[in-house]
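Sequence below, structure please.
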Amino acid sequence: MRLHTSSTGLDPRSLEPGTDLVLRLDESHGVDAQEGVLAHDHLGADARRAVDDAVNPSLAAWRREFDDELTIDGLCLAWAWEFAFVDEGWLLTIKDAAGLAAALDACAPPAIELADTDPQTERVARAAADAHGIPVIRAPDASAPRGPARATRAPLSRRAIAAASRIGLPSVVRDDSVVVRSYWHMMPLFDAMLADRSLRPAIFFTSRPAGARRSAAALARGGLIGTPGPRTRARARRHARRVLAALAEPPTIDVLGMPLGPALHACALRAAHARAADDLAFAAVVRRAFARGRARTVVLPSDEDPPGRIVTAIARDAGVASVAIQHGAVILPRPLVEGEVADVYAIWSAAVAPPLERFPRSFRVVGYPVAHEPPPTRRIGEAPQVVVLGQGEDEHTSTMDARHRLRHYFAAVEAIATVAPRARVVLRPHHWDSDAPLRAVAERFPDVDVAVDRTSEIHDLLRRSDLCIGASTTATYQAALVGTPVAVLNVGCFEWPWPLGGPSAVPVAHDAEELAAQLEPWARGEVLPGRDELLLALGVTEQDVTARLLELVTQAGSSAQAREPRAGVPVRPALVRQRET
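Below is the predicted model:
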């Protein structure tokens, strides 16, 4: 069996199931490559669940080897980096190995032949081959590995701000301040904090609120957590070199019956090399700002990513309360979820929250924090606009793979062309998606008016559209907020939770034919059902959600003042035990 790291640069129609196997399918090949060519094609629903279930135990096994070496000034970087490990391919590595093992079971080849020189592909191949007792050889014509096309770069303004922040800005935090790591859905709360003269909102320079007016007002009232200067960065680089030196040897980690320690260790090394110096410098700035005892509370949109974990851990050490506010609907299963560390985690509703049984003590149901609109009166014209939300692979769960993006787009455009041939179809990819699948859609449907919109504010785009073809994304619910009819398309092998699946009034389809049937009433001018269910699941309420959030922030700060700061960050031992139970 010839094993390819990626199908990029190859003719997908030339790849033969049983002879060729690909770990990374170029997303523009999602329809043309035969079933069985992608390693993940060989994983059924149960096997994919097993991959997801293997993530946390394998992370715990790696951390048992390195937690002590990676704990600096009481902060366990191994714990803080778990999300980054997954981003660098931890789950995908397990899924690749499981898919390759399943393909070996199905095809029983005498050997695995490496078609390129990618070292991670070789690690995965040797782990699967070892479990099957077959050799791994390199093809005489093995080439350098090809990678998928990169998504567009960040805007110049963002890159300029990032460069400026590296110069170093001092922190100025005033007494009784509430420090906010901003995200778009927190702006109503931020405005309410500015309007309440008894509160002193402060900001992180690296995650400022929208609009210069908000930042200026916060600087005057509460202050700023700045960025590390040259000396702090130099000190962090010295620490980082020591930290990275401790990661020389890969540990022994058995996952799904395969020795995946070297392959998973490579993911951890990539994350550690990319993050160590910057995260240690960031932690030093936050620690100094919180150590002065002036901050009362920190409010943030996540406590699962490395900055969120670093901030909440240091805040806990300094006696500063932490309040996390849910920033997206949780639809697909995720081994790592929010709400693990923050003192209070404000969720929109139980239907779109992380698993409530994981960390229930911190959860508070508050409702969706952004105002919704009454449904507009819509009359479908001869050339309606239909927005198709992107659906692709998610590195945080094995339930989706690289085929799904193109299959989703193709099924949506085919169904729309059937019921509304004069419609304008607007594809809305995620910001990290490459252009190749989008070009493939336009090429496959030359008679359909297909456009791409990466830049419009999502509510504006949805408001301008007559229909939304939904995916496993928060934007599906946001369409209901602005009154845009929704039909959900799920081309995967898992049913999504209510109301995107199950006993829901929302139209849910699994292929082009079923979607076209679901859209027939809309094409006749009828109103599609399900908006009330989407709003209910999102947590839309007539109550003043901003006032409730403001109350939670104030209460958390009062509770923090009543407790003594704790020396050291008591996160690492407790989390290791929690992972193992």
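
Quick check: residue 522 vs residue 538, distance?
Distance, residue 522 to residue 538, using C-beta to C-beta, to the nearest Å: 21 Å. Every C-beta, even on glycine, is put in place using the N, C-alpha and C of the backbone.

Neighbour count for the two, which is higher?
Each of residue 522 and residue 538 has its neighbours counted (other C-beta atoms under 10 Å); residue 538 has more, 24 against 21.

Make sure the more buried one is actually in contact with residue 479.
No. At 10.5 Å, residue 538 does not count as touching residue 479 under the criterion of C-beta atoms under 8 Å.

List the buried residues of stretch 440-459.
Using 16 or more other C-beta atoms under 10 Å as the test for burial, stretch 440-459 gives 440-442, 444-445, 448, 450, 452, 458-459.

Determine which two of the residues you listed are furthest apart.
444 and 459 (29.5 Å; C-beta to C-beta).

can you pull the contacts of the nearest residue to residue 458 once chain neighbours are set aside?
Excluding the flanking residues, the one nearest residue 458 by C-beta to C-beta, 6 or more residues apart in numbering is residue 475, at 5.4 Å. With contact taken as C-beta atoms under 8 Å, 6 or more residues apart in numbering, residue 475 is in contact with 389, 428, 458, 462, 468.

OK, contacts around the last one?
I take that to be residue 468. Counted by C-beta under 8 Å, 6+ apart, residue 468 has contacts 386-389, 462, 475-476, 479, 484-487.

cool, the third one as well?
With contacts taken as C-beta under 8 Å, 6+ apart, residue 458 has the following neighbours: 428, 475, 478.

Repeat that for the fourth one.
Residue 462 makes contact with 387, 468, 475, 478-479, 481-482, 484 under the criterion C-beta under 8 Å, 6+ apart.

Buried residues, stretch 39-58. List them.
39-43, 47-52, 54-55, 58.

Over to stretch 238-249?
Buried-residue list, stretch 238-249, by 16+ other C-beta under 10 Å: 239-240, 243-244, 247.

Pick the one among those residues closest to residue 96.
For these, the nearest to residue 96 is residue 247 (21.8 Å; C-beta to C-beta).

Which phi and psi values does the closest one adopt?
Per-residue torsions, residue 247: phi -100, psi 30 (degrees, to the nearest 10).

Could you do residue 258 as well?
Here residue 258 shows phi and psi, under degrees, to the nearest 10, equal to phi -130, psi 140.

Just give me the neighbour total for the residue lying closest to it once chain neighbours are set aside.
Leaving aside its sequence neighbours, residue 258 sits nearest to residue 127 (C-beta to C-beta, 6+ apart; 4.4 Å). Burial of residue 127, expressed as a neighbour count using other C-beta under 10 Å, amounts to 28.

would residue 127 count as being in a helix?
Yes. Assigned with DSSP: H, G, I helix; E, B strand; the rest coil, residue 127 falls within a helix.

show me the contacts for it.
97, 258-260, 262-263.

Next step: those residues restricted to helices.
Judged by DSSP state H, the contacts of residue 127 include 97, 262-263 as members of helices.

Are there helices or strands packed against the helix or strand residue 115 falls within, and which ones?
Residue 115 belongs to strand 112-116 when assigned by DSSP states H and E. Using 3 or more C-beta pairs under 8 Å, 6 or more residues apart in numbering; DSSP states H and E, the elements in contact with strand 112-116 are strand 2-6, helix 119-132, strand 136-143.

how distant is it from the center of its chain?
Distance of strand 112-116 from the chain centroid (C-alpha atoms, centre = their mean, to the nearest Å) equals 31 Å.

And the contacts of that strand?
1-5, 100, 104, 121-122, 125, 128-129, 134-139, 142-146.

Let's see the PyMOL selection covering just the buried ones among these.
This is how PyMOL selects the buried members of the contacts of strand 112-116, with burial counted by 16+ other C-beta under 10 Å:
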select buried, resi 1+2+3+4+5+100+104+121+122+125+128+129+134+136+145+146
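
re earlier: filter the buried residues of stretch 39-58 down to the ones in helices?
47-52, 54-55, 58.

can you list these in JSON lines and add pLDDT?
Formatted as JSON lines, these follow (pLDDT from 0 to 100):
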{"residue": "47", "pLDDT": "97"}
{"residue": "48", "pLDDT": "96"}
{"residue": "49", "pLDDT": "95"}
{"residue": "50", "pLDDT": "97"}
{"residue": "51", "pLDDT": "98"}
{"residue": "52", "pLDDT": "96"}
{"residue": "54", "pLDDT": "98"}
{"residue": "55", "pLDDT": "97"}
{"residue": "58", "pLDDT": "98"}
